[in-house]
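Colleague: I need the structure of the sequence given here:
(one chain, ligands or ions: 1)
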Amino acid sequence: MNALPACIRLTHPAEDYPVLEIDHPTCRARVALHGAHVMEWQPAGHAPVLYCSPQAVLREGKAIRGGIPICWPWFGAHPTDPTKPAHGIVRTRFWRLTDSQDGGESVELRFELESDDATRAIWGHDFHVIVEIRLGAELHLSLISHNTGETALEETGALHTYLAVDDIANVEVTGLEGVAYLDTAAGQRSSGVEEGAIRIDGEYERTYGSTATVTLRDATRTLHTHKHGSASTIVWSPGVEKAARLGDMPLEDFRRFLCIETANAPGAEVTVKPGGHHVLRTRITVS
Ligand SMILES: O=P(O)(O)OC[C@H]1O[C@@H](O)[C@H](O)[C@@H](O)[C@@H]1O
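Modeller: Below you'll find the predicted structure:
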């Protein structure tokens, strides 16, 4: 790891588990090397924008509950082998921090990860993935997936953002009106078209075919999720029963976040040719 700018401090909240703590005039944030995972982001003058569970497990191989898990090269269950890890293989590995800068208006981080024997044992493709993060008054996160193998690869994935809300019952989500969805809440499968603004009343899990910006309003503020390279948006809230089954968040905390995921879900697979790459990007703004 190169020398860090003065606004970044290297901490170890658990053994062998490095987390960058950022204290910058524009924001405060925490970013784990495990998963290249933004755990917290609080732009100056605002409450924290991301929810991170106080019971999140900080251990290699276990995904952090909250922040922005990076799901790749598949979203959800593996398409053909349910014994493979949910949401792919990069959120549960340590990445290399290859650059960190104080850019004045924001803090910039770059993480990289390549295929190795352990990843090939689970997923046979060669890859080099880069995550570029800019944290300031806005949050920018890009996942750049390079195909370094000799055959085309097919990927799905998600930037699985846990947006903090004051109370899930007061949330309204717009930007997906008139969009077709697949509803997979509580293990069922049904489809439909979203008629109006989304309100959450219990477990919610819908995948929308949309590239549009999504806006979340609660009693205190408005958050916008802008997307690039993303044909799907997932809106997910576990509800009380699924939150209890997850086992790594306080029971009542299901009220304190809504996931709005910048994704390419099954059915919107991206094909990356040998030598090619794909950029999946989210930008979060607060007003
Ligand atoms: O517990 P995980 O593996 O982080 O997944 C959380 C949730 O992620 C969502 O994106 C899925 O739609 C849910 O089905 C899933 O439960």
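
Colleague: Show me which residues of this structure are close to the ligand?
Modeller: Contact residues, the chain versus the ligand (CB under 6 Å from any ligand atom): A63, G76, A86, H87, H160, E205, I234, W236, L246, E261. Backbone N, C-alpha and C define where each C-beta goes, glycine included.

Colleague: any chance of those residues in CSV, plus neighbour count, pLDDT and secondary structure?
Modeller: Formatted as CSV, the residues of the chain next to the ligand follow (neighbours: other CB atoms under 10 Å; pLDDT from 0 to 100; DSSP: H, G, I helix; E, B strand; the rest coil):
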residue, neighbour count, pLDDT, secondary structure
A63, 23, 98, coil
G76, 18, 98, coil
A86, 14, 98, coil
H87, 21, 98, coil
H160, 24, 99, strand
E205, 21, 98, strand
I234, 23, 98, strand
W236, 22, 98, strand
L246, 14, 96, helix
E261, 27, 99, strand
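
Colleague: what's the farthest-apart pair in those residues?
Modeller: Pairwise distances across these (CB to CB) peak at 17.2 Å, for the pair A63 and E205.

Colleague: which residues in the stretch 101-250 of the chain form helices?
Modeller: Ranges of helices in the stretch 101-250 of the chain, per DSSP state H, counting those that start in this stretch, are 117-122, 239-246.

Colleague: Single out the most deeply packed of those.
Modeller: Of the helices of the stretch 101-250 of the chain, the one with the most neighbours on average (mean count of other CB atoms under 10 Å) is helix 239-246, at a mean of 14.

Colleague: which residues does whichever residue of the stretch 51-200 of the chain sits closest to the ligand contact?
Modeller: Nearest to the ligand in the stretch 51-200 of the chain, going by CB to the nearest ligand atom, is A86, at a distance of 4.2 Å. Contact analysis of A86 by CB atoms under 8 Å, 6 or more residues apart in numbering lists G76, A77, H78.

Colleague: Alright, I will stop here.
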